[in-house]
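# Only the shape, not the letters, is given here:
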């Protein structure tokens, strides 16, 4: 997931939680992207957003995060909404798939956000986010350096995106104040159940790349799994040496969502 080539998608979007929730209400599996875009425009579900904004939300945000390389993320979030998850859980799921889609988000969290937070820093300057992008220009992450204006827009929206997901305080300022962020029990278990459904081995689940972006190392993941085991938890967990073993109450995300809502 990490160190793949960055895109400039974030210059056009952020977390977009409210807008994405509206799009999910309209989307159905198998729907063509052009049809979805027109439905969003015709329904007026995004309020007074322009046609261009509606197209960006569908094509640059919704499709990019939830329909590629297939629509399993969209189907899973649609099921979650149908199961009655609250806004905090919806935000968690959008964050998870944004993290996987945008290696830029993953890398910034792992390389800049968490080192700052763990060192006791209370804020990250907007200029530091731009500097992060400048540092990778000309590398495999950004083979063709972006213009200064694009870097600034992406850096600004990266900060806004992480604010939407709860990593920074929500306020207008070039200084991003760090909030205490901890992966919710829902997000933690959802990530495990999804990995199980997708065929990831029990031991490999302890070192999923998402954990680092969530501020956890292997020992913390093992500890959370151990504390979360037992009835009526979604799984039981045993750990010995480098080996982890789960006994699952739910085999699929849909079973988990319907059983926990």
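Right, received. Where do you want to start? These figures come from a predicted structure and were not determined experimentally. Residues are numbered from 1 along each chain as shown.

# Strands of the stretch 151-261 of the chain, start to end?
Secondary structure of the stretch 151-261 of the chain (DSSP state E, counting those that start in this stretch): strands at 175-177, 235-240, 243-248.

# Could you say which of the ones you listed is packed most deeply?
Among the strands of the stretch 151-261 of the chain, strand 175-177 has the highest mean neighbour count (mean count of other C-beta atoms under 10 Å), at a mean of 17. For the C-beta atoms, the positions are set from N, CA and C on the backbone; glycine is no exception.

# Need the contact partners of it.
For strand 175-177, contacts defined as C-beta atoms under 8 Å, 6 or more residues apart in numbering pick out 122, 123, 124, 125, 126, 129, 159, 162, 163, 168, 169, 171.

# Then stretch 82-89?
With contact meaning C-beta under 8 Å, 6+ apart, stretch 82-89 is reached by 17, 80, 93, 184, 186, 187, 257, 258, 260, 261.

# Same check on stretch 119-129?
By C-beta under 8 Å, 6+ apart, stretch 119-129 touches 108, 112-113, 116, 155-156, 158-159, 168, 174-178.

# And for residue 217, the neighbour number?
By the criterion of other C-beta atoms under 10 Å, residue 217 has 12 neighbours.

# show me what contacts it?
residue 211.

# How much space separates it from residue 158?
24 Å (C-beta to C-beta, to the nearest Å).

# Residue 178 too?
Residue 178 sits 14 Å away from residue 158, going by C-beta to C-beta.

# quick one: which of those two has more around it?
A count of neighbours by other C-beta under 10 Å puts residue 158 above the other of residue 178 and residue 158, at 23 against 18.

# got the contact list for that one?
10, 104, 105, 108, 129.

# Once you drop chain neighbours, what's closest to the third one?
Spatial nearest neighbour of residue 105, excluding adjacent residues (C-beta to C-beta, 6 or more residues apart in numbering): residue 99 at 5.5 Å.

# what's the distance between the one you found and residue 235?
Between residue 99 and residue 235 the computed distance is 22 Å (C-beta to C-beta).

# do residue 44 as well
43 Å.

# Same check on residue 75?
For residue 75 relative to residue 235 (C-beta to C-beta), the value is 22 Å.

# what about the helices in the stretch 1-150 of the chain?
Secondary structure of the stretch 1-150 of the chain (DSSP state H, counting those that start in this stretch): helices located at 17-26, 33-43, 51-55, 63-66, 72-82, 87-101, 103-108, 114-118, 126-136, 148-164.

# can you redo the ones you listed as a markdown table with mean pLDDT and distance to residue 201?
Output for the helices of the stretch 1-150 of the chain, formatted as a markdown table (pLDDT from 0 to 100; distance: least, C-beta to C-beta, whole Å):
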| stretch | mean pLDDT | distance to residue 201 |
| --- | --- | --- |
| helix 17-26 | 94 | 31 |
| helix 33-43 | 91 | 34 |
| helix 51-55 | 85 | 41 |
| helix 63-66 | 94 | 26 |
| helix 72-82 | 95 | 19 |
| helix 87-101 | 96 | 19 |
| helix 103-108 | 96 | 22 |
| helix 114-118 | 97 | 26 |
| helix 126-136 | 95 | 32 |
| helix 148-164 | 95 | 31 |
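
# Format these as a markdown table; extra columns: distance to residue 221.
As requested, the helices of the stretch 1-150 of the chain are exported to a markdown table (distance: least, C-beta to C-beta, whole Å):
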| stretch | distance to residue 221 |
| --- | --- |
| helix 17-26 | 26 |
| helix 33-43 | 36 |
| helix 51-55 | 39 |
| helix 63-66 | 24 |
| helix 72-82 | 21 |
| helix 87-101 | 15 |
| helix 103-108 | 16 |
| helix 114-118 | 15 |
| helix 126-136 | 26 |
| helix 148-164 | 22 |
